[in-house]
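Asker: The amino acid sequence is not available; the structure is as follows:
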């Protein structure tokens with residue numbers, strides 16, 4: 001059986017030492033050999049060996065040694081060996097060590113005294129300690145501080161033993177007296193800790209009588225003071241005011257650890273604006289002064305907690321928080337931006353955006369490796385600012401459009417998404433954005449960014465000049481037509497080889513030129529290029545961004561080009577009076593579309609055109625050849641209306657989430673009301689007044705009421721044994737992040753006293769027992785509560801199993817009652833979360849673990865089944881309601897959740913309704929770790945069959 005240990009030493013299990021060899025070395029006179037043998041014996045003991053045969057050898061040959069190292073190792077040996085028998089009685093041979101310990105406590109060397117006193121701190125056997133108490137008390141006045149500080153800890157440990165207060169009746173008085181005269185900082189801290197632990201009133205009195213000196217005390221003593229204040233204020237809330245003054249004075253301490261603890265204590269004890277402001281300022285100062293990234297992340301977590309509880313106060317410090325962006329660490333920058341975005345108001349938006357713009361400009365330097373990722377974060381932050389406060393969009397949109405050609409595709413995608421939303425929500429900026437987009441379109445090199453930019457051009461080019469510029473820009477970026485010539489295909493290879501060098505040389509010399517109307521263009525000629533081999537196709541990629549992407553086989557982009565040209569031509573008909581110009585443009589657009597189709601069906605293309613893109617381009621050709629008013633309305637109005645609807649739905653969802661977060665619990669109508677204005681304010685400081693006001697407000701709004709649901713509590717009670725078993729047991733399971741607390745109620749249903757009753761538990765999965773099981777005695781018909789703590793290290797589903805072992809007076813055999821298994825549900829570890837569609841797709845591509853679950857359910861409605869999965873898995877549906885409404889027989893939705901360990905869980909539900917009404921399809925789960933993917937899959941498999 002495992003037992004608790006006060007000593008931890010690394011042990012390599014390569015070649016275990018033999019007890020006989022250790023014994024021979026201990027019996028010799030070589031000091032170094034004895035030291036080595038003692039170390040081997042300690043390692044064996046730590047590995048679970050008992051080696052009882054060494055005890056007498058150590059008493060005879062090691063105990064008398066004067067060597068300090070051997071004496072220290074001897075004390076460690078005595079600390080590890082079993083000192084009691086199976087019944088808890090002290091072994092007789094332990095009396096042999098008492099005299100040695102007494103001699104050590106009176107030894108002329110202070111080191112021997114000190115380490116012996118430290119050893120006494122770990123002794124739990126009163127019978128061994130009792131004869132040593134006079135010697136322990138004598139050391140309280142020793143000249144050396146090392147002895148005194150360990151002596152105080154020894155007195156505290158002995159005083160806390162069962163009946164320890166009888167061994168040292170007046171220990172608190174002696175320690176208080178020693179504290180008043182002690183000069184050594186460590187001894188002073190230990191003395192104050194002893195008073196705090198064993199006689200709290202005395203510690204409080206000493207603290208209040210030395211209030212003026214607290215700021216000059218040692219760091220370790222100040223930390224104990226803060227711990228005392230937290231303890232006192234929880235038990236006696238009325239005395240909070242005078243203790244908070246001490247905390248405020250400690251905020252000016254020199255130690256960063258003390259300042260951090262002060263801020264945390266202030267937040268936990270008071271809701272007064274002055275206290276919260278002081279704590280927040282402290283966190284911000286530490287954020288700038290500390291260089292350790294882990295410390296910065298912890299401080300940002302504290303600031304995030306303050307933001308959720310006291311947003312109004314944190315708003316004042318938003319610029320101080322943003323200064324943490326100076327750190328090169330991406331995690332710190334991300335947390336800083338997340339906090340800042342929740343603190344933006346009309347008063348500080350301009351300052352925040354100005355600071356973010358400066359950071360964006362800094363990322364262009366290219367000095368750091370992850371500038372692209374940081375720029376993406378900044379663009380997303382500016383986007384969020386502009387959506388909340390449209391008035392700032394005009395100051396940032398043109399700056400961000402310079403990054404449309406960013407080598408970081410994700411960053412460029414964020415920019416174009418931002419531009420698309422701003423151009424719709426800010427009609428005044430439409431003309432300037434379109435002009436800038438047409439000017440910079442040739443810079444876009446990413447295949448994912450071009451379709452969105454083309455959509456903006458097709459939807460928002462409204463005037464005659466804009467439409468003509470849009471068509472001209474697309475035509476120039478495509479280069480001269482056709483993309484692929486049939487005559488070139490039949491030419492011999494030698495001719496193509498002759499053309500190739502000339503083509504590549506001309507391509508390398510091309511540069512963008514500015515035309516008479518101010519737009520950019522790139523020179524290109526199809527006759528100078530041959531596509532007979534892949535190398536020639538690659539050589540022509542610089543001739544225009546759209547041309548280059550089409551030649552790599554991006555025919556989805558070709559379909560988008562066709563749709564954009566169709567929209568522009570239809571709009572040109574409305575704004576251009578000259579039919580000749582319109583017909584000329586129509587023929588030009590048709591030629592481009594046909595050329596794309598020809599390229600897609602030619603052997604020069606890396607792969608054939610896909611059916612969807614082909615059908616889309618053919619539809620555009622048909623529309624331009626046979627126009628009608630109904631189709632024009634669909635192309636020119638319906639698409640924009642769908643986008644407007646999507647934006648408005650997004651805003652409504654955000655508003656609903658904000659309202660849900662802002663909801664507060666209400667007080668019960670029969671709760672007592674404490675009228676603050678009728679209280680006496682005599683002798684109260686401003687901070688105390690503010691604190692009482694905040695407490696009253698919390699009571700009035702019901703924040704002090706516990707929202708513990710009794711029905712939910714009953715659901716967490718699990719029956720572990722049967723009603724006919726001699727011992728009945730049930731467990732109440734509480735899961736809190738990394739810890740599982742089991743509160744097991746055990747009832748003796750027999751008429752005999754159960755002795756040495758022990759709850760033995762074992763775990764399967766990533767669960768670990770923290771405590772060693774203890775033995776109890778249980779009288780007939782009585783019950784008792786046994787608590788067990790379990791640590792969790794991942795979201796993998798775990799199982800706790802075990803049994804109850806006990807003895808009765810009549811039969812000395814051990815009886816065993818096997819317990820039911822306790823299954824720890826993954827739902828306790830994951831919670832719904834939100835992420836962008838781009839982030840979801842990125843994670844979906846990166847995560848390597850996938851669990852594919854076939855749909856097998858009795859539910860026949862697609863939306864009903866999706867709601868059932870969301871409820872069963874405790875996940876958030878990222879797909880907007882408008883995208884999954886209606887009855888079409890198909891449904892696809894993305895779900896997302898995050899675990900308490902920071903793991904992401906991605907789920908895609910794809911289902912189809914069969915002709916017989918049954919649902920079929922698959923639910924795919926992806927995650928970075930195997931545990932969460934398997935556990936979620938098991939949960940869905942178990943739950944999907946049931947009805948809601």
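Answerer: Okay, I see it. Just so we're clear, the structure is a prediction, and the values are computed from it rather than from any experiment. Numbering: from 1, shown residues only.
Asker: in stretch 841-861, what's buried?
Answerer: By neighbour count on 16 or more other Cβ atoms under 10 Å, the buried set for stretch 841-861 is 843, 847, 851, 853, 855, 857, 859. Backbone N, C-alpha and C define where each C-beta goes, glycine included.
Asker: repeat for stretch 878-886
Answerer: Neighbour counts over stretch 878-886 (16+ other Cβ under 10 Å) mark 878, 879, 884 as buried.
Asker: what comes into contact with it?
Answerer: Residues outside stretch 878-886 that contact it (Cβ atoms under 8 Å, 6 or more residues apart in numbering): 645-646, 649-650, 653, 834-835, 837, 840, 863, 866, 891-896.
Asker: Identify the residue spatially nearest to residue 222, adjacent ones excluded.
Answerer: Closest residue to residue 222 apart from its sequence neighbours, by Cβ to Cβ, 6 or more residues apart in numbering: residue 258 at 4.8 Å.
Asker: Remind me which helix or strand the one you found belongs to.
Answerer: helix 256-269 (DSSP states H and E).
Asker: Verify the contact between residue 382 and residue 398 for me.
Answerer: No: contact between residue 382 and residue 398 fails when scored by Cβ atoms under 8 Å: they sit 12.0 Å apart.
Asker: who's more crowded, those two?
Answerer: Using other Cβ atoms under 10 Å, the more surrounded residue of residue 382 and residue 398 is residue 382, with 27 against 16.
Asker: I'd assumed the more buried one was in a strand, is it?
Answerer: No: per DSSP: H, G, I helix; E, B strand; the rest coil, residue 382 lies outside any strand segment and is helix.
Asker: ok, so what distance separates it from residue 357?
Answerer: Per Cβ to Cβ, to the nearest Å, residue 382 is found 8 Å from residue 357.
Asker: and if you look at residue 625?
Answerer: In this view, residue 625 and residue 357 are 48 Å apart by Cβ to Cβ.
Asker: Would you mind telling me which of those two has the busier surroundings?
Answerer: The neighbour comparison of residue 625 against residue 357 (other Cβ under 10 Å) goes to residue 357, with 17 against 9.
Asker: Contact partners for the more buried one?
Answerer: Contact analysis of residue 357 by Cβ under 8 Å, 6+ apart lists 382, 395, 396, 399.
Asker: and if we set it to 10 Å?
Answerer: Residues in contact with residue 357, defined by Cβ atoms under 10 Å, 6 or more residues apart in numbering, are 378, 382, 392, 395, 396, 399, 400.
Asker: Leaving out chain neighbours, which residue sits closest to the last one?
Answerer: If you skip the residues right next to it in sequence, residue 400 has residue 415 as its closest partner in space, 5.0 Å away by Cβ to Cβ, 6+ apart.
Asker: Does anything pack onto the helix or strand where that neighbour lies? Which helices or strands?
Answerer: For residue 415, the enclosing helix or strand under DSSP H and E is helix 409-425. With contacts defined as 3 or more Cβ pairs under 10 Å, 6 or more residues apart in numbering; DSSP states H and E, helix 409-425 has these neighbours: helix 371-388, helix 393-401, helix 430-440, helix 450-460, helix 639-662, helix 837-846.
Asker: my guess is residue 802 is in a strand, correct?
Answerer: Yes: assessed by three-state DSSP, residue 802 belongs to a strand.
Asker: before we move on, the earlier item: name only those of the contacts of residue 357 that count as buried.
Answerer: Buried residues within the contacts of residue 357, counting neighbours by 16+ other Cβ under 10 Å: 378, 382, 392, 396, 400.
Asker: quick one: average pLDDT of the helix holding residue 258?
Answerer: The average pLDDT for helix 256-269 rounds to 89.
Asker: the strands in the stretch 701-850 of the chain, which residues?
Answerer: In the stretch 701-850 of the chain, the strands defined using DSSP state E, counting those that start in this stretch lie at 717-719, 727-736, 739-748, 754-764, 767-769, 775-778, 783-792, 798-807, 815-818, 822-824, 830-832, 849-854.
Asker: tell me what the fifth one is packed against?
Answerer: With contacts taken as 3+ Cβ pairs under 10 Å, 6+ apart, strand 767-769 sits against strand 754-764, strand 783-792, strand 798-807.
Asker: what do you get if the cut-off is 7 Å, keeping everything else the same?
Answerer: The helices and strands touching strand 767-769, judged by 3 or more Cβ pairs under 7 Å, 6 or more residues apart in numbering; DSSP states H and E, are strand 783-792.
Asker: Packing partners of the strand it packs on?
Answerer: When contacts are defined as 3+ Cβ pairs under 7 Å, 6+ apart, strand 783-792 packs onto strand 739-748, strand 754-764, strand 767-769.
Asker: Residue 919: which of the ones you listed is closest?
Answerer: Closest of those to residue 919 is strand 754-764, at 34.2 Å (criterion: Cβ to Cβ).
Asker: what residues does that closest one touch?
Answerer: Outside strand 754-764, the residues that touch it by Cβ atoms under 7 Å, 6 or more residues apart in numbering are 744, 748, 769, 773, 775-778, 786, 788, 790, 798-809.
Asker: can you do 6 Å?
Answerer: Residues outside strand 754-764 that contact it (Cβ atoms under 6 Å, 6 or more residues apart in numbering): 748, 769, 773, 775-778, 786, 788, 799-807.
Asker: Filter those residues down to the buried ones, ChimeraX style.
Answerer: In ChimeraX, this line selects whichever of these come out buried by 16+ other Cβ under 10 Å:
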select :748,769,773,778,786,788,800,801,802,803,804,805,806,807
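Asker: hmm, back to that, mean confidence for the helix holding residue 415?
Answerer: So the average pLDDT for helix 409-425 ends up being 85.
Asker: Can you give me the end-to-end span of stretch 718-732?
Answerer: In stretch 718-732, first residue to last residue: 6 Å (Cα to Cα, to the nearest Å).
Asker: What residues sit buried inside it?
Answerer: Across stretch 718-732, burial judged by 16+ other Cβ under 10 Å covers 718, 720, 721, 725, 726, 727, 728, 729, 731, 732.
Asker: Let me know the closest of the residues you listed to residue 309.
Answerer: Residue 309 has its nearest neighbour among these in residue 732, at 28.9 Å by Cβ to Cβ.
Asker: Find the residue closest to that closest one in space, skipping its chain neighbours.
Answerer: Here the residue nearest residue 732, using Cβ to Cβ, 6+ apart, is residue 743, at 4.5 Å.
Asker: okay but that neighbour is in contact with residue 734, surely?
Answerer: No: between residue 743 and residue 734 there is no contact under Cβ atoms under 6 Å: 7.3 Å.
Asker: can you give me the helices in the stretch 451-600 of the chain?
Answerer: 464-478, 486-490, 493-509, 534-539, 545-551, 555-575, 579-600 (DSSP state H, counting those that start in this stretch).
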